[in-house]
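K.L.:
A predicted structure for the sequence below; I have some questions about it.
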Amino acid sequence: MDFNYLYHRQQVSLMRADLASCGPSRAAHEGLAQLYSGMIERRKSERSAGNQGDVPRLFEGPRDIIRAAGV
């Protein structure tokens, strides 16, 4: 996943959290935003260490992220 995708999904999750009509929905979207933030930070550190391709990915796609968030 590239940075554009991760930043986009993070922002969408934050917007959905703001528009959520109930607490559990808001918490789920905020949790997803936090997961995307963590992925962004991890990718940044990989990039600065020069290990872009050597580190295994924690998540392969959106379903893995949703599963990790417990949604």
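P.N.:
Structure received.
K.L.:
which regions of the protein sit below the pLDDT cut-off?
P.N.:
Residues of the chain meeting the criterion pLDDT under 70: 1, 51-62, 65, 68-71.
K.L.:
sketch out the helices for it, chain order is fine.
P.N.:
Counting by DSSP state H, the segments of the chain that form helices are 3-19, 23-49, 62-69.
K.L.:
how far is the second one from where the chain is centred?
P.N.:
Spelled out, that is helix 23-49. Distance, stretch centre to chain centre, for helix 23-49: 4 Å (Cα atoms, centre = their mean, to the nearest Å).
K.L.:
what angle separates that helix from helix 3-19?
P.N.:
Angle of helix 23-49 versus helix 3-19, following axes from the mean of the first three to the mean of the last three Cα atoms, to 10 degrees, is 160 degrees.
K.L.:
and helix 23-49, what does it pack against?
P.N.:
Under the contact criterion of 3 or more Cβ pairs under 8 Å, 6 or more residues apart in numbering; DSSP states H and E, the helices and strands touching helix 23-49 comprise helix 3-19, helix 62-69. C-beta coordinates here come from the backbone N, C-alpha and C atoms, glycine included.
K.L.:
what of the first one?
P.N.:
Applying 3+ Cβ pairs under 8 Å, 6+ apart, one finds that helix 3-19 contacts helix 23-49.
K.L.:
in the helix it packs on, what's buried?
P.N.:
Using 16 or more other Cβ atoms under 10 Å as the test for burial, helix 23-49 gives 28-33, 35-36, 38-40, 43.
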